[in-house]
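# Take a look and give me a structure for this.
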Amino acid sequence: MADTHSSHQQVPVLFSFSVSSRPSSVPVGSGYEVLIQKFLSIFGRQIDVHRKLVLQYFSEEWGQYIDLPKGFVVSEKCRLRLVPLQMDQIPVLGNLSPASTAFFCCDMQERFRPAIKYFGDIISVGQRLLQGARLLGVPVLVSEQYPKGLGSTVQELDLAGAKLVFPKTKFSMLLPEAEAVLAETPGVRSVVLFGVETHVCIQQTALDLIGRGFEVHIVADATSSRSMMDRMFALERLARTGTIISTSEAVLLQLVADKEHPKFKEIQNIIKASAPESGLLSKV
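Next up, the predicted model:
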């Protein structure tokens, strides 16, 4: 008599990663998420989850491995492999559009004013970015590092219309409440990130976002640290991970993209006076 509980049936699968191959099995109907977890359980620390990974199966029809089609589930014995792509194989184009972008404003708080280099300048540029985001309908998330001890966001930054203002003790902004907002706006694939400090909260936020598959743009003229050396090496490291180091004017004009955009004149007014060319300039 046939087993009617087909979901409990196991299908043999050959799992390959790098130069290793291991036979195992998964339940009938297993899809992408189950297969990824199976790869992780078999190969463990060999797999760098922060790299872009492609899951492929061996096609008898073509006689080679091909990318897993959307909606693929295991229904019969098969061979699968997980392929990590080199960063230089993934061109990061850095295109921005309001419908697919969110702004992250990180820890621009009063207590940091005397310590952060060129803090007044990055506040000025931050104002431009927040104003542009409101005009273009781009969601803004604002974090405050331990506000009980370090104070609120500086008064010069108008947070009216921000999607979320939240406290944190973790350095990265990518906390569950921020992830929930991103999940509510599933079209978002690019994050424009600015604030302090470049080598701590900005860097850790950027790395977490990249690990989740987001494209990250760091606004160099709105991002600083107490130490210019820390800032410089953080930006260099992040650029090597595929993070795009940009400027406020470039970001805003990329978001409107066309002189005929209905908000172009208003964005033009924001950037009419150039952003301050502070001591940050030579330390990018």
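# Correct me if wrong: residue 168 contacts residue 141.
No - when contacts are counted by C-beta atoms under 8 Å, residue 168 is not listed as touching residue 141 (11.0 Å). Backbone N, C-alpha and C define where each C-beta goes, glycine included.
# So for the two, which sits in the more crowded spot?
Shown here are residue 168 and residue 141; by other C-beta atoms under 10 Å, residue 141 has more neighbours (23 against 19).
# doesn't residue 159 make contact with that one?
No - applying C-beta under 8 Å, one finds residue 141 not in contact with residue 159, separated by 10.5 Å.
# how deep is residue 72 tucked in, by neighbour count?
Residues near residue 72, counting by other C-beta under 10 Å: 16.
# ok, which stretches of this protein are helices?
Using DSSP state H, the helices of the chain run over residues 32-43, 119-136, 147-150, 176-184, 203-211, 228-240, 248-256, 264-271.
# now those helices in CSV, with mean neighbour count?
What follows is those, written out as CSV (neighbours: other C-beta atoms under 10 Å):
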stretch, mean neighbour count
helix 32-43, 15
helix 119-136, 20
helix 147-150, 12
helix 176-184, 14
helix 203-211, 21
helix 228-240, 17
helix 248-256, 21
helix 264-271, 14
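# would a markdown table of those helices with distance to residue 24 and mean pLDDT be doable?
Formatted as a markdown table, the helices of the chain follow (distance: least, C-beta to C-beta, whole Å; pLDDT from 0 to 100):
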| stretch | distance to residue 24 | mean pLDDT |
| --- | --- | --- |
| helix 32-43 | 6 | 91 |
| helix 119-136 | 48 | 97 |
| helix 147-150 | 49 | 94 |
| helix 176-184 | 31 | 93 |
| helix 203-211 | 26 | 93 |
| helix 228-240 | 35 | 94 |
| helix 248-256 | 46 | 96 |
| helix 264-271 | 55 | 95 |
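# Please convert those helices to JSON lines, extending it with distance to residue 93.
What follows is the helices of the chain, written out as JSON lines (distance: least, C-beta to C-beta, whole Å):
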{"stretch": "helix 32-43", "distance to residue 93": "25"}
{"stretch": "helix 119-136", "distance to residue 93": "20"}
{"stretch": "helix 147-150", "distance to residue 93": "37"}
{"stretch": "helix 176-184", "distance to residue 93": "21"}
{"stretch": "helix 203-211", "distance to residue 93": "15"}
{"stretch": "helix 228-240", "distance to residue 93": "15"}
{"stretch": "helix 248-256", "distance to residue 93": "11"}
{"stretch": "helix 264-271", "distance to residue 93": "21"}
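# got a list of what residue 17 touches?
By C-beta atoms under 8 Å, 6 or more residues apart in numbering, the contact set of residue 17 is 39, 42-43, 46-47, 81-82.
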